[in-house]
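S.K.: The amino acid sequence is not available; the structure is as follows:
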């Protein structure tokens, strides 16, 4: 039956698409984009049907080569992994529809075919990380996705290779720490299978080796998810990457690290171990809280829209880390819901930034004024929707995940964290309304500026770029209104056993 | 105390290698030296896995008729070694990408020194 093989299907679709694209491009160059789009569409359909199947009839385990774990490698499709693959593939599908035009503008022709192949490999890595049930296999997928991402960043503007190089150094350190952690865990437990290690750990009890392994793994994923203060690579990489790359990696890239931490802390080591025996969950919470404030404050002082969104990502990834670190049902629901919501919001805002770059040739906030609204009414409306969602105004999605996180902090009686969440909403309002004010109320300050804006012909971007932006903007409201269905139907089943 | 050092000297050596690698990546200003540091860091991790699975007076894990029951401990666990084959391949791929990036940086800025690079980047307004 196809459903029994479903866990392996999604990464394999992307892997084969990544191989087929360069081959097909030998015959017909323009086919690369359509193969990429087709593969993403296929895996979106598969992963959504997986969610329905898993919710209906429980987790599916797929053994590679028929070797049962702990000897063989297994892929596990449980509610958490099914939900996250559906989120990733769905958002990427929308972003890729948008990417067609902007890739033509920003990336030279001979680089487009390898570029789409890299996107496919990146998605293969992301889906593999989420689906695998084996720690070493996870490392391999982590490096596949990271390597593809370095390439996707490096094709950007003139400074992109330098930011990609910095990202590579940081990312390799992160991967290395994770691998070292896996080594410690393997030496101590003699297994690499997540479910197996979960059974073995309570028997062995607390041991310095286990604590070192856990710390190293969280440190490694912390670098990959740009957890404050390990975020150094993120702003440059997002700013200098081509618009298509940054709108793929912002909603998805850092979430992979967050997923890794969630899986390791709460599903493998267990809530009791990470909160009472070795309080790494609390440490994670405080660093995330610091990151929320730091990212928001830095975002206020940025003049470039993509850079501002990058700092805002650091702050938003803090929410996810905070929710995981709270280690109570509300916190986890808030964190997983925020993975979906932040994916939608950031994808929408980065597509808007891409549209501005397409039409204006820049996205400097200083040069925005109300001619922008007259020229691009739909794009600016999508920006306003995204900004409202980021601030967290009901009924947009941003409100609901923050609501669950706030409930989580109240349940843990951590009033300082509650204050951090509320304060950061205020700071979000400052840096987003700064742009809204310019777009909607600021008239061109000088004659020359006005002339410059009028000389640029064309009004709104092409439909293939506008529709994805508007679909995401609409989704911000629709998913906000549907949030009870998502939470009750899916996320309640995501919670680790024993909650 | 002395036992603790003497019994684990391989691991102390690996720890030193890890620190050297991290030092190279963070403090060296030349980009090629950063890659050298990165390689040392990766090799240290590979050595950690290999060292953890080494054993005195043991044999390769091929099922022989002679070894049975209690004597099975004479086999070396092959898994860490095979895992490291994959890790070596990953390391090679990372080094390849890093060198490709370095070539692009050098072609544009004609330098690989980080300080000069930062100065040149400031002058290089789009």
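M.R.: Yep, that arrived. Just so it is clear, the model here is predicted, and its values are computed rather than measured.

S.K.: Please compute how far the helix or strand encompassing residue A:272 lies from its chain's middle.
M.R.: For residue A:272, the host element (DSSP states H and E) is helix A:271-272. Once both centres are worked out by C-alpha atoms, centre = their mean, to the nearest Å, helix A:271-272 turns out to sit 26 Å from its chain's centre.

S.K.: where's the helix or strand just after that helix relative to the chain centroid, distance-wise?
M.R.: Using DSSP H and E, the helix or strand that directly follows helix A:271-272 along the chain is helix A:280-300. Relative to its chain's centre, helix A:280-300 lies at 17 Å (C-alpha atoms, centre = their mean).

S.K.: Give me the helices and strands touching helix A:280-300, please.
M.R.: Identification of packing neighbours for helix A:280-300 by 3 or more C-beta pairs under 8 Å, 6 or more residues apart in numbering or on different chains; DSSP states H and E yields helix A:208-224, helix A:305-326, helix A:415-441. Every residue, glycine included, has its C-beta placed from N, CA and C.

S.K.: any chance of those in JSON lines, with distance to residue A:157 and mean pLDDT too?
M.R.: Output for the helices and strands packed on helix A:280-300, formatted as JSON lines (distance: least, C-beta to C-beta, whole Å; pLDDT from 0 to 100):
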{"stretch": "helix A:208-224", "distance to residue A:157": "24", "mean pLDDT": "91"}
{"stretch": "helix A:305-326", "distance to residue A:157": "11", "mean pLDDT": "91"}
{"stretch": "helix A:415-441", "distance to residue A:157": "22", "mean pLDDT": "88"}
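
S.K.: quick one, which of those is packed in tightest?
M.R.: helix A:305-326 (a mean of 26; mean count of other C-beta atoms under 10 Å in any protein chain shown).

S.K.: hmm, back to that, identify the residues contacting the helix holding residue A:272?
M.R.: The contact list for helix A:271-272 (C-beta atoms under 8 Å, 6 or more residues apart in numbering or on different chains) reads A:281, A:327, A:496, A:498, A:499.

S.K.: Verify the stated contact: the first one with residue A:322.
M.R.: No. Under the criterion of C-beta atoms under 8 Å, residue A:281 is not in contact with residue A:322, lying 10.3 Å apart.

S.K.: element containing the residue nearest to residue A:22 when sequence neighbours are not counted, please.
M.R.: The spatial neighbour of residue A:22 that comes closest, neighbours along the chain excluded (C-beta to C-beta, 6 or more residues apart in numbering or on different chains), is residue A:117 at 5.5 Å. Using DSSP H and E, residue A:117 sits in helix A:109-131.

S.K.: How about the helix or strand following that helix and chain B, touching?
M.R.: Once helix A:109-131 ends, the next helix or strand along the chain (criterion: DSSP H and E) is helix A:135-154. Yes. Residues of helix A:135-154 contacting chain B under C-beta under 8 Å from any C-beta of the partner chain: A:136, A:139, A:140, A:143, A:147, A:150, A:151, A:154.

S.K.: For burial, what's the neighbour tally of the residue in the stretch 1-150 of chain A positioned nearest to chain B?
M.R.: Taking C-beta to the nearest C-beta, chain B has its nearest neighbour within the stretch 1-150 of chain A at residue A:143, 4.7 Å off. Neighbour count for residue A:143, taken as other C-beta atoms under 10 Å in any protein chain shown: 23.

S.K.: wait, it sits on residue B:88?
M.R.: No. Residue A:143 lies out of contact with residue B:88 (C-beta under 8 Å); the separation is 11.9 Å.

S.K.: what is the rounded mean pLDDT of the helix holding residue A:272?
M.R.: Helix A:271-272 shows a mean pLDDT of 84.

S.K.: go on, stretch A:486-499?
M.R.: 80.

S.K.: gap between the two ends of it?
M.R.: One end of stretch A:486-499 sits 18 Å from the other (C-alpha to C-alpha, to the nearest Å).

S.K.: Show me which positions of it end up buried.
M.R.: A:486, A:487, A:490, A:491, A:494, A:495, A:496 (16 or more other C-beta atoms under 10 Å in any protein chain shown).

S.K.: So which bits of chain B are right by chain A?
M.R.: Counting by C-beta under 8 Å from any C-beta, chain B sits next to chain A at B:18, B:22, B:25, B:31, B:34, B:38, B:41-42, B:45, B:48-49, B:52, B:79-80, B:83, B:86-87, B:90, B:93-94, B:97-98, B:101-102, B:104-105, B:108, B:117, B:121, B:124, B:126.

S.K.: residues touching residue A:258, list them.
M.R.: Counted by C-beta under 8 Å, 6+ apart, residue A:258 has contacts A:221, A:225, A:317, A:320, A:321, A:324, A:335, A:339.

S.K.: which sections of chain B are below the confidence cut-off?
M.R.: B:1-2, B:64-68, B:124-126 (pLDDT under 70).

S.K.: Tell me where it has helices.
M.R.: For chain B, the helices defined by DSSP state H cover B:2-6, B:9-27, B:31-52, B:79-109, B:114-123.

S.K.: will you turn these into JSON lines that also has mean neighbour count?
M.R.: JSON lines is the format used below for these (neighbours: other C-beta atoms under 10 Å in any protein chain shown):
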{"stretch": "helix B:2-6", "mean neighbour count": "8"}
{"stretch": "helix B:9-27", "mean neighbour count": "15"}
{"stretch": "helix B:31-52", "mean neighbour count": "20"}
{"stretch": "helix B:79-109", "mean neighbour count": "17"}
{"stretch": "helix B:114-123", "mean neighbour count": "13"}
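
S.K.: List just the one of those helices that sits closest to residue A:18.
M.R.: Closest to residue A:18 of the helices of chain B, according to C-beta to C-beta: helix B:79-109, at 14.1 Å.

S.K.: what is the orientation angle of the closest one with helix B:114-123?
M.R.: With axes from the mean of the first three to the mean of the last three C-alpha atoms, to 10 degrees applied, the angle from helix B:79-109 to helix B:114-123 works out at 50 degrees.

S.K.: Quick one: residues contacting the closest residue to residue A:89 other than its chain neighbours.
M.R.: Nearest residue to residue A:89, sequence neighbours excluded (C-beta to C-beta, 6+ apart): residue A:44, at 4.2 Å. Counting by C-beta under 8 Å, 6+ apart, residue A:44 touches A:86, A:89, A:90, A:92, A:93.

S.K.: Surely the second one touches residue A:43?
M.R.: Same thing as residue A:89. Yes. Applying C-beta under 8 Å as the test, residue A:89 and residue A:43 come out as touching, 4.9 Å apart.

S.K.: Point out where chain A drops to low pLDDT.
M.R.: A:1-3, A:444-459, A:498.

S.K.: Residue numbers of it in contact with chain B?
M.R.: A:136, A:139-140, A:143, A:147, A:150-151, A:154, A:157-159, A:161-162, A:164-165, A:168-169, A:172-173, A:175-176, A:179-180, A:183, A:186-187, A:192.

S.K.: Throw together a PyMOL command that grabs the buried residues out of those.
M.R.: Buried residues within the residues of chain A next to chain B, by 16+ other C-beta under 10 Å, are selected in PyMOL with:
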select buried, chain A and resi 136+139+140+143+147+150+151+154+159+161+162+164+165+168+169+172+173+175+176+179+180+183+186+187+192
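
S.K.: What does residue A:495 show for phi and psi?
M.R.: Reported as degrees, to the nearest 10, the phi and psi values for residue A:495 are phi -50, psi 140.

S.K.: how much space between it and residue A:80?
M.R.: Look at residue A:495 and residue A:80: by C-beta to C-beta, to the nearest Å, they are 9 Å apart.
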